[in-house]
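[1] sequence below, structure please.
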Amino acid sequence: MQPQDVAPRPTPASGPVVDVEQAEAALVEHYPRLVRLAYLVLPPGLGRTRRVLTAHALVQRALPHGRAAASVIPAQATGRDGDPGYSFVRLRVVRTALEAGAPLRRAAWPKRSQLPPLLPQVWGLKLFPRSGGADELALDQRLSALSGPARAAYALRGLEKLPDDEVRKVLAAAGVTEAAVAVRQAAKVPVKDALLDSPEFDPCSLQARPTDLMRRRRHMKAALAATAAVAVCGALLALPGGGWGSDDDAAAPPDALNPAAQAAVDPARLTTVPPAAWKTSARTDFSVWPARGALTHDRALLRRALTAWARPRDSVRVSVTPGTPSGAPPGPPRLLYAGQVDTVRVVVFYDGLRIVRYAEPKDGSRGAALDFARVDGAGGAEADAVVLDRADGNVRYLTAPWVTGAVERDLRKPTARTMDLGLTGGVTAPLASPAQQSGSCSSWNVLQLTGGSGTRLLTDLGELVPAHLTVGRPGAPGEVSGATALGAWAPFACSLAVVRSQGVKSVNAWEYARQALPDASGEAGWVCTRADTWRGDGAQVQAQFHTPGGASGAVAAQAEDVPACGAKDPHVLAGVLWKSAKGEWYLLAAGAEDTKSIRATGGVNGSAEARLLTVRAKQGAQARLKGTLKDGRTIGALR
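    Numbers count the residues shown, from 1 in each chain. Next up is the predicted model:
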């Protein structure tokens with residue numbers, strides 16, 4: 001459901017040849033650094049012991065077989081101290097570390113790097129790096145929140161000291177399809193050399209502790225009993241109707257369930273509301289959605305969905321919106337939908353905190369998928385639609401009962417005609433999804449709904465619940481309806497790509513200033529876009545600069561998890577270097593309406609007793625901005 005971070009390996013380019021001896025010399029000389037690099041790139045979810053062993057295994061397997069072309073990155077500088085052997089081995093380490101963190105695919109054999117390493121192995125001991133202090137722990141937590149390519153970009157920037165363009169080349173050669181995005185994500189985490197060089201991230205300086213001694217003793221006794229039971233189990237499994245169910249069953253073998261857990265997986269105890277309950281209720285959230293679909297009485301399907309939720313097998317593909325718990329239902333959930341959509345059977349539940357979607361092929365439950373999305377506090381437009389199915393780049397939605405109309409609109413072309421999607425039992429026709437588009441952004445299709453409180457705009461960001469788009473001043477945003485509001489969003493539609501798959505609840509676009517350009521070049525707009533998440537933290541804020549006639553806005557500044565441009569702090573300050581049609585360079589800066597004055601220092605010096613600043617500058621100049629608000633408080637530029 002989400003775009004892959006790692007693409008198939010590129011074909012090596014022709015160039016200087018690195019033989020085994022040259023690569024081996026580089027590996028031996030720089031072995032500790034290479035292992036540290038692999039350890040930083042590997043996903044933290046592996047656990048510290050397995051990360052250590054996997055990092056060593058990946059580096060030890062990085063030697064080429066025979067002779068191999070080293071210049072797989074055109075125009076790339078060679079590795080440490082100009083050694084092409086090191087550059088070659090480093091690329092193989094980064095590539096296999098990214099492969100190790102990639103999700104397993106049903107239709108393909110796992111790659112060697114995705115399996116636990118056969119060697120090295122240590123029996124009876126747990127090995128892990130020495131613990132650091134609070135700063136190291138904080139950095140490790142921030143890195144764990146990054147994607148694999150972003151961690152690789154961070155390690156290459158901080159550990160290898162590569163410039164961003166070289167980092168992008170290394171990532172591209174390693175198979176990363178969105179290397180630029182990974183570099184931008186990594187740039188949000190400050191590089192601290194002392195922390196990266198600390199023992200916390202050194203898988204060559206380890207502590208050893210024994211594994212659970214009592215458990216090992218019990219396992220030895222259990223192994224003897226298990227050997228005797230194998231023949232009996234084999235006979236039982238061969239009996240028709242015996243065991244836990246067929247291999248197509250999406251639920252794992254049942255544990256001893258308490259009464260509450262048993263009730264949660266009993267289809268007869270699912271809760272529903274009358275079809276017209278929403279008309280008299282004061283609530284406009286998922287709790288008043290009726291159960292819809294042709295399979296709401298299919299007890300077998302509902303039981304499979306509930307038991308897969310409670311005890312999913314390893315074969316069930318599980319996706320979770322960031323910040324969403326993925327545990328079993330606490331009690332009987334509410335049924336929102338059960339029916340067949342295209343070639344899959346889909347069941348949608350709501351438990352008061354989460355929307356849970358179960359999907360299985362119509363010809364069996366093998367290859368089932370389970371998706372979780374946090375929706376606490378949803379109301380109005382945020383409870384207007386849920387994704388039912390994605391196929392062939394399209395998406396279908398189940399809409400709220402108060403929705404009376406659904407159309408597809410291109411957000412980049414506000415004056416273009418819309419396409420009616422129709423509603424059949426609350427289900428839309430398929431519409432093109434921007435969640436998986438890559439390359440140039442020529443369009444951004446969104447879902448426009450009517451009914452209830454008016455017209456609302458929603459966009460698919462690759463998750464179970466679409467994000468609500470709004471426009472206007474923070475604290476009192478309005479819906480994106482009408483020519484003015486649609487025109488305000490058009491230049492910034494493609495910037496939504498940077499917040500895909502991050503648990504975004506809503507995105508607001510606020511034009512906080514307009515500025516006359518020098519040399520009579522017209523008037524530019526300053527727009528702040530803020531993407532807020534369901535979990536409450538991790539908001540993404542961008543200040544964008546849009547010149548007359550420009551198709552898209554340019555990102556002047558961006559920040560994460562800051563109050564700027566939001567209801568709690570509706571202030572923002574940003575600047576940009578701009579070249580006029582006459583070839584002159586200027587520093588342009590703008591603050592929100594409460595900004596009293598702006599001052600620029602550093603590479604450009606100037607000030608203005610207003611919320612707009614225009615100062616002549618030189619190409620490539622860098623400046624620091626400081627704004628003073630009308631209440632006397634000072635603010636810095638968004639960063």
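[2] for the residue most central in space within the chain, which three-state class applies?
    When Cα atoms, centre = their mean is applied to the chain, the residue found nearest the centroid is Ser501 (3.5 Å). Recorded secondary structure, Ser501: coil (DSSP: H, G, I helix; E, B strand; the rest coil).
[3] quick check: it vs Leu388, distance?
    18 Å (Cβ to Cβ, to the nearest Å). Backbone N, C-alpha and C define where each C-beta goes, glycine included.
[4] please enumerate the strands of the stretch 501-639 of the chain.
    Taking DSSP state E, counting those that start in this stretch as the criterion, the stretch 501-639 of the chain carries its strands at 504-516, 523-533, 540-546, 554-560, 573-579, 585-591, 595-602, 606-608, 612-616, 623-629, 634-636.
[5] rank those strands by pLDDT, which is bottom?
    Lowest mean pLDDT of the strands of the stretch 501-639 of the chain: strand 554-560, a mean of 91.
[6] so which other helices or strands are in contact with that one?
    Contacts defined by 3 or more Cβ pairs under 8 Å, 6 or more residues apart in numbering; DSSP states H and E place strand 554-560 against strand 540-546, strand 573-579.
[7] contact partners for Gln515?
    Applying Cβ atoms under 8 Å, 6 or more residues apart in numbering, we find Gln515 in contact with 523-526, 588, 590, 612, 614.
[8] for Thr399, same thing?
    Counted by Cβ under 8 Å, 6+ apart, Thr399 has contacts 384-385, 406, 423, 426-428, 449.
[9] please redo it, this time with the cut-off set to 7 Å
    Contacts for Thr399 (Cβ atoms under 7 Å, 6 or more residues apart in numbering) come out as 384-385, 406, 423, 426, 428, 449.
[10] what do you get for Leu146?
    Applying Cβ under 7 Å, 6+ apart, the residues near Leu146 are 154, 185-186.
[11] among those residues, who's most crowded?
    Within these, most neighbours by other Cβ atoms under 10 Å means Tyr154, with 27 neighbours.
[12] if I follow the layout properly, Val471 ends up in contact with Gly478?
    Yes: the pair formed by Val471 and Gly478 meets the contact definition of Cβ atoms under 7 Å, at 5.9 Å.
[13] go through the contacts of Thr399 and flag which are in strands.
    385, 406, 423, 428, 449 (DSSP state E).
[14] would you turn those residues into CSV with neighbour count, pLDDT and distance to Gly364?
    Formatted as CSV, these follow (neighbours: other Cβ atoms under 10 Å; pLDDT from 0 to 100; distance: Cβ to Cβ, whole Å):
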residue, neighbour count, pLDDT, distance to Gly364
Ala385, 25, 97, 28
Ala406, 26, 97, 31
Leu423, 18, 95, 30
Thr428, 23, 97, 27
Leu449, 26, 96, 34
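[15] farthest pair in those residues?
    Farthest-apart pair in the ones in strands among the contacts of Thr399 is Ala385 and Leu423; separation 10.9 Å (Cβ to Cβ).
[16] so which helix or strand takes in Ala172?
    helix 164-173 (DSSP states H and E).
[17] rewinding a little: tell me which of the strands of the stretch 501-639 of the chain lies nearest to Ala57.
    Taking Cβ to Cβ, strand 554-560 is the member of the strands of the stretch 501-639 of the chain nearest to Ala57, at 33.7 Å.
[18] how many residues are close by Ala554?
    15.
[19] meant to ask about Ala277
    When neighbours are defined as other Cβ under 10 Å, Ala277 has 15 of them.
[20] what about it, distance to Ala260?
    26 Å.
[21] give the contact list for the residue nearest to Pro275 when sequence neighbours are not counted.
    Distances taken as Cβ to Cβ, 6 or more residues apart in numbering place Pro290 nearest to Pro275, at 4.5 Å, with adjacent residues excluded. Contacts here follow Cβ under 7 Å, 6+ apart; on that basis Pro290 touches 272-275, 277, 401.
[22] kindly recompute the last result at 10 Å.
    272-278, 296, 334-337, 401, 426 (Cβ atoms under 10 Å, 6 or more residues apart in numbering).
[23] now Gly475
    508, 566-568, 570.
[24] helices and strands of this protein: which one bottoms out on pLDDT?
    Least confident element among the helices and strands of the chain, by mean pLDDT, DSSP states H and E: strand 68-69 (a mean of 44).
[25] helices along the stretch 351-500 of the chain, start to end?
    Shown for the stretch 351-500 of the chain, the helices assigned by DSSP state H, counting those that start in this stretch span residues 483-489.
[26] the residue nearest to Pro275 and Arg345: what is the separation?
    In terms of Cβ to Cβ, Pro290 sits 19 Å off from Arg345.
[27] burial count for Leu587?
    23.
[28] may I see the buried residues of stretch 363-373?
    365-373 (16 or more other Cβ atoms under 10 Å).
[29] how about stretch 566-578?
    By 16+ other Cβ under 10 Å, the buried positions in stretch 566-578 come out as 566, 570-578.
[30] likewise stretch 591-601?
    591-592, 595-600.
[31] okay, the residues you listed in CSV with distance to Gln544 next?
    Shown next, in CSV, are these (distance: Cβ to Cβ, whole Å):
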residue, distance to Gln544
Gly591, 15
Ala592, 14
Thr595, 17
Lys596, 23
Ser597, 23
Ile598, 18
Arg599, 23
Ala600, 20
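[32] sorry, back to before: who are the packing partners of the helix holding Ala172?
    Judged by 3 or more Cβ pairs under 10 Å, 6 or more residues apart in numbering; DSSP states H and E, helix 164-173 is in contact with helix 84-101, helix 148-158, helix 179-187.
[33] so what's the gap between the longest one and the chain middle?
    To tie it back to what came earlier, the one meant is helix 84-101. Distance of helix 84-101 from the chain centroid (Cα atoms, centre = their mean, to the nearest Å) equals 23 Å.
[34] and it, what does it pack onto?
    Packed next to helix 84-101, using 3+ Cβ pairs under 10 Å, 6+ apart, are strand 17-18, helix 20-29, helix 31-41, helix 48-60, strand 68-69, helix 148-158, helix 164-173.
[35] that one vs helix 179-187, what angle?
    With axes from the mean of the first three to the mean of the last three Cα atoms, to 10 degrees defining the directions, helix 84-101 sits at 90 degrees from helix 179-187.
[36] could you do the second one as well?
    On the basis of the same axes, to 10 degrees, helix 148-158 is oriented at 60 degrees to helix 179-187.
[37] the nearest residue to Ala483 once chain neighbours are set aside: neighbour count?
    Using Cβ to Cβ, 6+ apart and skipping residues adjacent in sequence, the residue nearest Ala483 is Pro414, 6.6 Å away. Pro414: 18 surrounding residues under other Cβ under 10 Å.
[38] the one 10 residues further on too?
    Per other Cβ under 10 Å, the neighbour tally for Thr424 reads 8.
[39] how much space between Gln141 and Ser315?
    For Gln141, the distance to Ser315 - Cβ to Cβ - is 31 Å.
[40] again with Leu496
    Applying Cβ to Cβ to Leu496 and Ser315 gives a distance of 33 Å.
[41] between the two, who's got more neighbours?
    Taking neighbours as other Cβ under 10 Å, Leu496 and Ser315 compare with Leu496 leading, 24 against 16.
[42] just flag the most distant two among the buried residues of stretch 591-601.
    So, those by Cβ to Cβ: farthest apart are Ala592 and Ala600, at 17.3 Å.
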